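> Any chance you could fold what I've pasted below:
(4 chains)
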Number of protein chains: 2
Amino acid sequence: MTAARAKPYHHGDLKAALVDGALELIVERGVRRFSLAELSRRLGVTVAAPYRHFASRDELLAAVAVRALEAFGDALAAPSSELDPPEERLAAMAAAYVRFAAEQPELFAVVFGIGLDKKQRYPELRGTYEEVEGMLDACVAELCPDDADAAEQLGDAIGAAAHGYAALLTDQPGTPDPADVDRAAEQAASATRALIQGRGAL
Amino acid sequence: MTAARAKPYHHGDLKAALVDGALELIVERGVRRFSLAELSRRLGVTVAAPYRHFASRDELLAAVAVRALEAFGDALAAPSSELDPPEERLAAMAAAYVRFAAEQPELFAVVFGIGLDKKQRYPELRGTYEEVEGMLDACVAELCPDDADAAEQLGDAIGAAAHGYAALLTDQPGTPDPADVDRAAEQAASATRALIQGRGAL
DNA sequence: GTCTATATCCCGATAGAC
DNA sequence: GTCTATCGGGATATAGAC
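Below is the predicted model of the structure:
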């Protein structure tokens, strides 16, 4: 915002500007239509410039995915109160999972929709992903304090169900109908309760 | 297979050849790297030729997706026996759902991974999709013969959980570790049983 | 070291000739 | 129905200016 310098970038902040700009452009146009060329044009920079900071388009996307995952983690943490019992915190997290996917479909897609390697190739991304997983796990652990294996099974099941509702909702192009979002969020919360209740079968 | 004609295509079967060839190419290279240009080259045809049969790349992909969905439906139908109780048929379907995604990740991706509009734009795709959904619904209906709403909730939950396990497994690039596939398939089956058992909470 | 300029190669799509 | 030619766009590599 400060117009103190005529050339705000071009000396050391191009990397940050690329990540910021990519995030904006992706939210506007969608990941699939995001291009380094357009981003470079927007930043008033040559198409080759980004390659001084990121080895490939995917590496820039991985940096964006870290930001997206942080926002996702915040969205999961927000609705649950310390006062609630763990069952209801988990249900709220599942609903928030679906809502985030529906409200920020392009950010969700950067993380889960373009086959970015979260487990091997990009360590920072992996770390952030595991932090988010940890939020679920911590909550499940309170429910199964004496059985780590049962906790893992239940955590996986709740995560899978929430992810399934989110992915099926996001699967269709365009912004989903708000009524469908509400419905899917409530279904994810209910499925969480059902899994907890029926967890003897896991 | 019959070598009766020297030029099997090039006069009326290019359309079928395109779908067949696209399916092969996608399995080999992945949907994201699939290109009309390479397909045309393989079929010994100009890049413009496919446009006489499909208005766009996506329209060809939709035709491929119909085939992929048919294979998916077959995979879901195979493991369940008429003799099994509905609970176990549903568990088997959930496991088969995950196995199909893991064993044919590129076919799964054509249907669920590239944002192809299954509900509006491609009617044939929509119909095939609904047929597959119907397999699940029919099975769930046996469990809740008197309550259509409960059946829908349970069907959605089982579908979402299976889809979640499948999507999270397929999310990573490359072929998944067979041990992870077995594990996820069993987890999907267990989650199905848990949802049935805890369905009072839905 | 960071960016510009340029060039290569691939792709999707379209117009018009045969 | 297919081919030739062509447009616009994008990812990426390299060479060289600052």
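> Close to chain B: what parts of chain A are there?
Counting by CB under 8 Å from any CB of the partner chain, chain A comes close to chain B at A:32, A:112-113, A:115, A:117-120, A:153, A:156-157, A:159-165, A:167-168, A:171-173, A:187-188, A:190-191, A:193-202. Glycine gets a C-beta too; all of them are placed from N, C-alpha and C.
> could you flag which of those residues are buried?
Buried positions within the residues of chain A next to chain B, assessed by neighbour count (16 or more other CB atoms under 10 Å in any protein chain shown), are A:112-113, A:115, A:118, A:153, A:156-157, A:159-165, A:167-168, A:171-173, A:187-188, A:190-191, A:193-199, A:201-202.
> which stretches of chain A form helices?
For chain A, helices defined by DSSP state H occupy the ranges A:14-29, A:36-42, A:57-77, A:86-103, A:105-112, A:123-143, A:148-171, A:178-197.
> Close to DNA strand D: what parts of chain A are there?
A:F34, A:S35, A:L36, A:A37, A:E38, A:V47, A:A48, A:Y51, A:A55, A:S56, A:R57, A:D58 (CB under 7 Å from any atom of the strand).
> Distance check, the fourth one against A:V45.
Counting by CB to CB, to the nearest Å, the gap between A:A37 and A:V45 amounts to 11 Å.
> now swap in the last one and tell me
Spatial separation of A:D58 from A:V45 under the definition CB to CB is 19 Å.
> in chain A, what spans have low per-residue confidence?
Confidence mapping of chain A against pLDDT under 70 gives the ranges A:1-11.
> on that earlier part again, would you check which pair of the residues of chain A next to DNA strand D lies furthest apart?
Greatest spatial distance among the residues of chain A next to DNA strand D (CB to CB): A:E38 and A:A55, at 19.3 Å.
> neighbour-wise, which of those two wins?
Using other CB atoms under 10 Å in any protein chain shown as the criterion, A:E38 and A:A55 rank with A:E38 on top: 14 against 10.
> who wins for proximity to B:L69 among the helices of chain A?
That would be helix A:148-171 among those, by CB to CB, at 13.1 Å.
> Please parse chain A into its domains.
Domain assignment for chain A, taken from automatic domain parsing, gives A:14-54, A:64-201.
> Run through the residues that contact A:V111.
Shown in contact with A:V111 (CB atoms under 8 Å, 6 or more residues apart in numbering or on different chains): A:A65, A:A68, A:L69, A:F72, A:K118, A:Y129.
> where's the closest residue to A:I158 other than its chain neighbours relative to B:A101, distance?
Distances taken as CB to CB, 6 or more residues apart in numbering or on different chains place A:T192 nearest to A:I158, at 5.2 Å, with adjacent residues excluded. Counting by CB to CB, the gap from A:T192 to B:A101 is 22 Å.
> for A:L116, same thing?
From A:L116 to B:A101 the distance is 18 Å (CB to CB).
> In contact with A:R126: list those residues for me.
By CB under 8 Å, 6+ apart, the contact set of A:R126 is A:K118, A:K119, A:Q120.
> ok, these vs A:D149, which is closest?
Using CB to CB, these come closest to A:D149 at A:K119, 21.5 Å.
> show me the residues around that closest one that make contact.
A:R126, A:Y129, B:Q172.
> Angles on the backbone of it, please.
Torsion angles at A:K119 (phi, psi; degrees, to the nearest 10) stand at phi -100, psi -20.
> mind checking how far A:D20 is from A:R41?
Distance from A:D20 to A:R41, by CB to CB: 15 Å.
> actually A:G164, not the one I wrote
Taking CB to CB, one finds A:G164 at 38 Å from A:R41.
> Next: A:R57.
Distance, A:R57 to A:R41, by CB to CB: 15 Å.
> can you tell if stretch A:41-52 touches DNA strand C?
Yes - judged by CB under 7 Å from any atom of the strand, stretch A:41-52 comes into contact with DNA strand C at A:G44, A:V45, A:T46, A:V47, A:A48, A:A49, A:R52.
> out of everything not next to it in sequence, what's closest to the fourth one?
Of all residues not flanking A:V47 in the chain, A:S40 sits nearest, at 4.9 Å (CB to CB, 6+ apart).
> mind listing what the one you found touches?
A:T46, A:V47, A:A49, A:P50.
> Can you point out the buried residues in stretch A:71-82?
Within stretch A:71-82, the residues scored as buried using 16+ other CB under 10 Å are A:A71, A:F72, A:G73, A:A75, A:L76, A:S80.
> wait, doesn't the fifth one sit right on A:V132?
Okay, so that is A:L76. Yes - using CB atoms under 8 Å, A:L76 is in contact with A:V132, at 6.8 Å.
> quick revisit: tabulate the helices of chain A (TSV), appending distance to B:L107.
Below are the helices of chain A laid out as TSV (distance: least, CB to CB, whole Å):
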stretch	distance to B:L107
helix A:14-29	27
helix A:36-42	30
helix A:57-77	23
helix A:86-103	23
helix A:105-112	19
helix A:123-143	26
helix A:148-171	15
helix A:178-197	25
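> what about those helices, which gets the closest to B:V140?
helix A:178-197 (13.6 Å).
> helices or strands next to the closest one in the packing?
Applying 3 or more CB pairs under 8 Å, 6 or more residues apart in numbering or on different chains; DSSP states H and E, one finds that helix A:178-197 makes contact with helix A:86-103, helix A:148-171, helix B:148-171, helix B:178-197.
> quick one: contacts of it?
A:87, A:90-99, A:102-103, A:143, A:154, A:157-158, A:161-162, A:165-166, A:168-169, A:202, B:153, B:156-157, B:160-161, B:191, B:194-195, B:197-202.
> try stretch A:66-79
Contacts of stretch A:66-79 (CB under 8 Å, 6+ apart): A:19, A:23, A:92-93, A:95-97, A:99-100, A:104, A:107-108, A:110-111, A:124-125, A:128-129, A:131-132, A:135-136.
> just stretch A:19-28 next, same as before
Stretch A:19-28 is contacted from outside by A:34, A:38-39, A:42-43, A:60-61, A:63-64, A:67-68, A:104, A:106-107, A:110, using CB under 8 Å, 6+ apart.
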